[in-house]
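Colleague: Fold the following and give me the result.
(one chain, ligands or ions: 1)
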Amino acid sequence: MDISFYLLILLTLAIATLITTVLHRRKPTTTTNLPPGPSLFSSNLLILNHSLSDLEPFIKTFVSKYGPLVTLFIGSRPSIFVSDHSLAHQILVQKGAVFSDRPRTLAIRNISSSAYGPTWRLLRRNLATEVLHPSRVKSYSWARKWVLGVLVGRLRGAAGGVIEVVEHFRYAMFCLLVVMCFGEKLDERRIEEIAAVQRRLLLLVGSGRFTVLGIFPKLGKVLFRNRWKELLQIRSDQEQVLIPHIKSRIEKANSEGEDDQFVAYVDSLINLHLPEVETTAGNGGKLTDQEMVSLCGEFLNAGTDTTSTSLQWIMANLVKNPQIQSKLYNEIVSVVGPPPPPPAEELESTINEEDLAKMPYLKAVVLEGLRRHPPGHFVLPHRVTKEVEVEGYKIPEGATINFLVAEMGWDPKVWEDPLEFKPERFLMNKDDVINGVFDVSGSKGIKMMPFGAGRRICPGSDLALLHLEYFVANLIWLFRWDAVDGYGVDLSEKSEFTIVMKNPLRTRIIPRAEK
Ligand code: HEM
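Modeller: Model prediction:
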């Protein structure tokens, strides 16, 4: 750790103590009635050089010591952590308007980094209606079939032997999101190039290396020159890789006679005009190249790592629990019949997306995967826009707030045998069901929140569920997934950007139907 880091901590603590003292004098109710937690000094030592996931064990200890609302400090700013379901519902759903902002960061404008306001609304509505609307999602079904073919081809190449699947899953999700983003089936080299730059960015940001730059932008750029340069470099690499694909789609959209039957994410961004009050580029609100890159990068990362991580966890549990795998296979066969023998070249027969709706056990398996192994153990930080009272505590304007997502899904007060993988639990309790489907949005009450809840809930949740159901169903229909002698399935976790398997899944896959 560099010496400047310690200097900054000392400086920060001195400034923070001064500011806190002044605030205490001016607004006694605001800061003296915060939820309990460790001291300002210990909080800052913990937070400044840790990613949120690395902090999880500490926060869990504080929760058992102080209760379901805990305050830590970043500089002098309170950062509140919530571990209780009904408090999460109260905060995110009932009082959602006050808790839906984001802390300011160094990120170039995209949906997740935008303040709660007109730009965020416009960008989010654009994604929701132009790409994630059910009719649009349906128009990409050919892309899902193509990607399934790519994935199955890779798996068939290794059938019978031992295979580590995670890279194949990640590549498949990238292929899919790249098509939806740029409107083109790119070759393997280009997809790998995009995946590599996106993943570097994700892992660096997820490691918490740049947190300090976001908290102290001016000072941080000077004291942490090398980190600042590193951030600029990775952004410039991202622009070099993504801009040609964005430009090529724009040219295609401009050229006469081109009539694609589906809308790619880039198409939807071309004619967007940001609200005037929130633009700085002076070009009538049109998105800059950097903003386009930031939005496309967000789209790619939000939909790939999360989904491929979940897919790996679900398949790992199906390998570990062969009786659950058999039950799922039997459900699939009862709906679509047995799988056909593999064709020589391409995958011709797949499970139709319409048939997924007839498979309640499949849905239960996917939901149980998300409950037991949510890819994010926290949501993205929210910022409080107005002082507000929760459980008798005052949460001040400007505080950040986050939620212990994994802990909520494992709460023994809510879930029986919470650490067991039991999809049946989602078939039994009909209270949680809205229109025949478990309410993962938590709108009526939160029992688990892998996609968050309230106004900032993940807009891609339905797409993610479709991708998981489609790939799990087809992979189980086509192959039997067996444990490998001597390897077993280890469900230990490791924090990357998402919470991944510490020892990636190794399995033996056997085609169900022979030629
Ligand atoms: C299993 C897959 C996924 C999981 C578990 C997941 C989870 C999450 C979570 C926890 C949040 C933060 C919510 C909050 O801050 O309160 C989020 C935000 C977001 N997700 Fe997802 N997500 C997944 C897939 C996707 C997909 C497929 C897309 C789009 C293609 C997507 C796009 C976004 C965006 C744009 C945001 C920012 C929303 C905002 O700030 O308003 N996600 N997601």
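
Colleague: which is the next helix or strand following the helix or strand containing residue 119?
Modeller: If you go by DSSP states H and E, residue 119 is part of helix 118-130. Counting by DSSP H and E, the next helix or strand C-terminal to helix 118-130 is helix 134-139.

Colleague: ok, now which ones touch the residue nearest to residue 284 when sequence neighbours are not counted?
Modeller: Using CB to CB, 6 or more residues apart in numbering and skipping the chain neighbours, the partner closest in space to residue 284 is residue 273 (6.5 Å). Quick note: C-beta positions are derived from backbone N, CA and C, even for glycine. Going by CB atoms under 8 Å, 6 or more residues apart in numbering, residue 273 touches 284-286.

Colleague: Next: residue 241.
Modeller: For residue 241, the contact set (CB under 8 Å, 6+ apart) comprises 193-194, 197.

Colleague: Is it in a helix, a strand, or coil?
Modeller: helix (DSSP: H, G, I helix; E, B strand; the rest coil).

Colleague: What of residue 86?
Modeller: Under three-state DSSP, residue 86 comes out as helix.

Colleague: Is it possible to get JSON lines of the contacts of residue 241 that adds distance to the ligand and neighbour count?
Modeller: As requested, the contacts of residue 241 are arranged in JSON lines below (distance: CB to the nearest ligand atom, whole Å; neighbours: other CB atoms under 10 Å):
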{"residue": "193", "distance to the ligand": "20", "neighbour count": "15"}
{"residue": "194", "distance to the ligand": "15", "neighbour count": "23"}
{"residue": "197", "distance to the ligand": "18", "neighbour count": "19"}
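
Colleague: Residue 509: which of those is nearest?
Modeller: Closest approach to residue 509 among those (CB to CB): residue 194, at 27.1 Å.

Colleague: Can I have the buried ones of the contacts of residue 273 as a ChimeraX selection?
Modeller: Of the contacts of residue 273, the buried ones go into a single ChimeraX selection, burial set by 16 or more other CB atoms under 10 Å:
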select :285
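
Colleague: which residues does the residue in the chain that the ligand sits nearest to contact?
Modeller: Going by CB to the nearest ligand atom, the ligand is nearest to residue 460 of the chain, at 2.2 Å. Counting by CB under 8 Å, 6+ apart, residue 460 touches 132, 302-303.

Colleague: Buried ones among those?
Modeller: Using 16+ other CB under 10 Å, the buried ones in the contacts of residue 460 are 132, 302-303.

Colleague: Flag every residue of this structure that's near the ligand.
Modeller: Contact residues, the chain versus the ligand (CB under 6 Å from any ligand atom): 111-112, 124, 298-299, 302-303, 306-307, 310, 375-376, 379-380, 450-452, 456-460, 463-464.

Colleague: For stretch 481-489, list every residue counted as buried.
Modeller: Going by neighbour count (16+ other CB under 10 Å), the buried part of stretch 481-489 is 481, 483, 489.

Colleague: Show the residue spans covered by the strands in this structure.
Modeller: For the chain, the strands defined by DSSP state E occupy 69-74, 77-82, 162-164, 382-383, 388-390, 393-395, 400-403, 433-434, 437-438, 479-482, 493-495, 499-501, 506-511.

Colleague: Now the fifth one: buried residues?
Modeller: Within strand 388-390, the residues scored as buried using 16+ other CB under 10 Å are 388, 390.

Colleague: Dump the C-alpha coordinates for stretch 361-377 into CSV.
Modeller: In CSV, the C-alpha atoms belonging to stretch 361-377 read as follows (Å, rounded to 0.1, in the frame of the first residue of the first chain):
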residue,chain,number,x,y,z
TYR,A,361,-40.0,-26.5,-11.6
LEU,A,362,-37.6,-24.9,-14.0
LYS,A,363,-38.6,-21.5,-12.7
ALA,A,364,-38.3,-22.7,-9.1
VAL,A,365,-34.7,-24.0,-9.8
VAL,A,366,-33.7,-20.6,-11.3
LEU,A,367,-35.2,-18.6,-8.4
GLU,A,368,-33.6,-20.9,-5.8
GLY,A,369,-30.3,-20.3,-7.6
LEU,A,370,-30.7,-16.6,-7.3
ARG,A,371,-31.8,-16.8,-3.6
ARG,A,372,-29.0,-19.1,-2.5
HIS,A,373,-26.3,-17.5,-4.7
PRO,A,374,-27.3,-13.9,-5.6
PRO,A,375,-24.5,-12.7,-7.9
GLY,A,376,-24.3,-9.4,-6.0
HIS,A,377,-24.3,-9.6,-2.2
